[in-house]
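Need a 3D model of the sequence below.
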Amino acid sequence: MGTMGNIDGIIQKIDHTLLKADAREDDLRRLCAEAKQYGFTVIAINPCWIPLCKKELEGTGIMITATVGFPLGQMLTETKASECRDAINAGAAEIDMVMNLGKLLSGDEDYVFADIKAAADCCHRRGVKCKVILETCLLTEDHIVRACTLAERAGADYVKTSTGFNGPGATVEHLRLMRKSCGPAVKIKAAGGIRSLAQARAMVEAGADRIGTSAGISIAAELGYCGT
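Purely as a prediction, here's the structure:
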């Protein structure tokens, strides 16, 4: 078993995640209980579960990240901004919004910029961080660079690899490219397909500041940590 400091260093980078369409109330309660037991500092959920999780996590300091425009990112910009506002009002401390991939691939970078900016501005007016999901598995390297540049210009606090719903998720190569494509003020979140401690460590070494995964418990078990 590693030192507690090493354990905490990994655990505290994990966004303990449950985004399945068939997740039920008991599943969300279990997610919150696991976050408390293992010391995860963030849970990531779909917005309808914010009131339930807020109640379950009351007094713990564990933050709620809510998805916006999830998982396709194809709704109207005004709808995304409204989703941001409603999620924050319900108790979300961070927002993970999905970039409009189709608009980027169509070359409409003005639309992509405005779409991200609307969400980021809504978040920042309320003191909330905005993460932008790029869906890197569906992008060329050039598109990844362009997406990172647009997200940074629009005020994103993080760029994130994937939803986990559209094929392969985070890769070390894409993480490195994202890190090179953003200034130091923009952080990186790796998500999608991260199931092991080795994968999590590789993502951090490649530049990830946060790890989004539903496998946080098994990663903790690899560290020999069973929670408090």
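
Excluding chain neighbours, give the residue nearest to the most centrally placed residue in the chain in space.
Nearest residue to the geometric centre of the chain (C-alpha atoms, centre = their mean): residue 96, 5.1 Å. Nearest residue to residue 96 in three dimensions, chain neighbours excluded: residue 131, at 4.6 Å (C-beta to C-beta, 6 or more residues apart in numbering). Just so you know, the C-beta spots here come from the backbone N, C-alpha and C atoms, and that holds for glycine as well.

Spit out the contact partners of the one you found.
Neighbouring residues of residue 131 by C-beta atoms under 8 Å, 6 or more residues apart in numbering: 65, 94, 95, 96, 97, 156, 157, 158, 159, 160, 189.

I'd guessed the last one sits against residue 158; true?
Yes. Under the criterion of C-beta atoms under 8 Å, residue 189 is in contact with residue 158, at a separation of 5.1 Å.

which residues do those two both contact?
By C-beta under 8 Å, 6+ apart, the residues touching both residue 189 and residue 158 are 131, 209, 210.

where do the helices sit along the chain?
All helices of the chain, identified by DSSP state H, fall at 4-11, 25-38, 50-56, 77-90, 101-105, 109-125, 141-154, 172-181, 197-206, 216-222.

export the ones you listed to JSON lines and tack on mean neighbour count?
Shown next, in JSON lines, are the helices of the chain (neighbours: other C-beta atoms under 10 Å):
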{"stretch": "helix 4-11", "mean neighbour count": "14"}
{"stretch": "helix 25-38", "mean neighbour count": "17"}
{"stretch": "helix 50-56", "mean neighbour count": "16"}
{"stretch": "helix 77-90", "mean neighbour count": "18"}
{"stretch": "helix 101-105", "mean neighbour count": "18"}
{"stretch": "helix 109-125", "mean neighbour count": "19"}
{"stretch": "helix 141-154", "mean neighbour count": "19"}
{"stretch": "helix 172-181", "mean neighbour count": "18"}
{"stretch": "helix 197-206", "mean neighbour count": "18"}
{"stretch": "helix 216-222", "mean neighbour count": "18"}
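
what is residue 64 paired to in the beta sheet?
Per DSSP bridges, the residues bridged to residue 64 are residue 43.
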